[in-house]
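A.B. asks: A predicted structure for the sequence below; I have some questions about it.
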Amino acid sequence: MTFPESPPAVTPEADPVLTPDERRVLARSPAECLRHGVIQSLPFLLVLVPFGLLFGVLAAESGLDLAQVLGFSVLVLAGASQFTAVQLLNDHAPVVIILLSALAVNLRMAMYSASLVPWLGGASPCQRGLLAYLLIDQSYALSIQQFEKHPRLRVDQRLAYFFGTALCSCIPWVIASAVGFRLGRAIPESWALDFALPITFIAMVAPMLRTPAHLAAAAVSIIATLGFSTLPSGLGILLAAPLAMATGALVERRMERIAARGLE
Amino acid sequence: MSGFDMKVWFVILTLGIGTYLIRWSFLGVIGKRPVPEWAARALRYTAVAVLPAIAAPLVVWPAATGGQPDPVRLSAAAVALATGIITRNVLLAIVAGMVTLFGMLYLWA
């Protein structure tokens, strides 16, 4: 893969004081940036691989075949929404509800896309097209951290770092889901893996509950989905999710107003 | 190809295209235009709005017990939640929840 040369994001004169560490980072070639991205995403495999295995296991139990499991992991490439879709397919929910629920899970990626524009908006349309495909939680989280920490990296260095993190996340994801599919057929039902999905979702959400707004959104989501449980399968989620999102946004605005008043 | 297979492939293809378009949105077309504030606010809460809505009925009325609330599964969910809040570590929370589930199922049975 080659990366076009691009001018430095910031002129050197603007801030001539660089620590040796910064100089070392800025002097990296794109190939070195790519390798750096790969190395920094290795610890994430501890979460990503079991999660991918679990997807394969649950998909196998839901009656999907290997091609469909790979179809999900290659074409959708978004863990939580893949779990959502398989769960709702299992419940025989209508297609419209499956699609809307799974897409709602992925809406956060619009935020990722927007927040990368200042850093990678200078890449070619082709490169942006490819990086959109590889924009997952891990590649986003690592890249944005790296870009903010070293704002003087060139666009080609940023792109290389991003593709490094993406390679080291997306390829293991696909392999893990295929291996999970093979394992799934061997796992007896008494293992209670039916409960792996709710546990996984709870584990993903719990660390996010760090503000009153997030707590309020999660609480409304739970109360609404249980309240709407008599509705046809999946419909309750579609009603609960927007209510919970609106709650989060309202509480956040309220908290900001209170904070602003406190400063006056 | 069975009706179920057709449905699965339709979901895969449509979800794949839709998800790609979400990721491509700002990088691809919208460019440097800022995200409207109300949209940015709402988007921050998509994950905490959607994932609990899917998980909650599965926790309270698990299919494995025929939809009857089950102390074992409720405990496992509570342990996963508490571990996740305290440690902020997704993997640790999953392991704690599953260990609770398997441990209690083993003791119960």
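C.D. replies: It's in. Numbering: from 1, shown residues only, chains lettered A, B, ... in the order given.
A.B. asks: how far away is residue A:83 from residue A:31?
C.D. replies: Residue A:83 is 35 Å from residue A:31, where distance means CB to CB, to the nearest Å. Bear in mind the C-beta positions are built from the backbone N, C-alpha and C, glycine included.
A.B. asks: Neighbour count for those two, which is higher?
C.D. replies: Shown here are residue A:83 and residue A:31; by other CB atoms under 10 Å in any protein chain shown, residue A:83 has more neighbours (25 against 13).
A.B. asks: Would you agree that one is in contact with residue A:52?
C.D. replies: No. Taking contacts as CB atoms under 8 Å, residue A:83 lies outside contact range of residue A:52: 10.8 Å.
A.B. asks: In chain B, mark out all the helices, start to finish.
C.D. replies: Using DSSP state H, the helices of chain B run over B:3-25, B:37-43, B:46-60, B:71-87, B:90-108.
A.B. asks: closest one to residue A:237 among those?
C.D. replies: Relative to residue A:237, the nearest member of these by CB to CB is helix B:46-60, separated by 4.5 Å.
A.B. asks: can you count the residues close to residue B:14?
C.D. replies: As a burial measure, residue B:14 scores 18 neighbours (other CB under 10 Å).
A.B. asks: And residue A:204, by the same measure?
C.D. replies: What residue A:204 shows, counting by other CB under 10 Å, is a neighbour count of 25.
A.B. asks: My read is that it contacts residue A:84, right?
C.D. replies: No. The pair residue A:204 and residue A:84 does not pass the contact test of CB under 8 Å, sitting 11.7 Å apart.
A.B. asks: Let me have the helices of chain B in a markdown table, extended by distance to residue A:27.
C.D. replies: Below are the helices of chain B laid out as a markdown table (distance: least, CB to CB, whole Å):
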| stretch | distance to residue A:27 |
| --- | --- |
| helix B:3-25 | 31 |
| helix B:37-43 | 35 |
| helix B:46-60 | 38 |
| helix B:71-87 | 37 |
| helix B:90-108 | 35 |
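A.B. asks: Quick one: closest of these to chain A.
C.D. replies: Nearest to chain A, of all these, is helix B:71-87, at 2.4 Å by CB to the nearest CB.
A.B. asks: check contacts around the spatially most central residue of chain B.
C.D. replies: In chain B, the residue lying closest to the centroid (CA atoms, centre = their mean) is residue B:51, at 3.8 Å. Residue B:51 makes contact with A:80, A:105, A:201, A:204-205, A:221, according to CB atoms under 8 Å, 6 or more residues apart in numbering or on different chains.
A.B. asks: So which of those residues reach chain B?
C.D. replies: Residues of the contacts of residue B:51 in contact with chain B (CB under 8 Å from any CB of the partner chain): A:80, A:105, A:201, A:204-205, A:221.
A.B. asks: Just to be sure, which of these are found in helices?
C.D. replies: Those of the ones next to chain B among the contacts of residue B:51 lying in helices (DSSP H): A:80, A:105, A:201, A:204-205, A:221.
A.B. asks: Quick check: PyMOL command selecting the buried ones in these.
C.D. replies: Per 16 or more other CB atoms under 10 Å in any protein chain shown, the buried members of those correspond to this PyMOL selection:
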select buried, chain A and resi 80+105+201+204+205+221
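A.B. asks: And the ones in helices among the ones next to chain B among the contacts of residue B:51, which is closest to residue B:22?
C.D. replies: Set against residue B:22, the nearest of these by CB to CB is residue A:105 (10.3 Å).
A.B. asks: pLDDT value on the closest one, please?
C.D. replies: In this model, residue A:105 is scored at 83, pLDDT.
A.B. asks: What about the closest residue to it other than its chain neighbours, how many residues nearby?
C.D. replies: Leaving aside its sequence neighbours, residue A:105 sits nearest to residue A:81 (CB to CB, 6 or more residues apart in numbering or on different chains; 4.2 Å). Using other CB under 10 Å, residue A:81 is surrounded by 25 other residues.
A.B. asks: my read: residue A:81 touches residue A:109, true?
C.D. replies: No. Taking contacts as CB under 8 Å, residue A:81 lies outside contact range of residue A:109: 9.5 Å.
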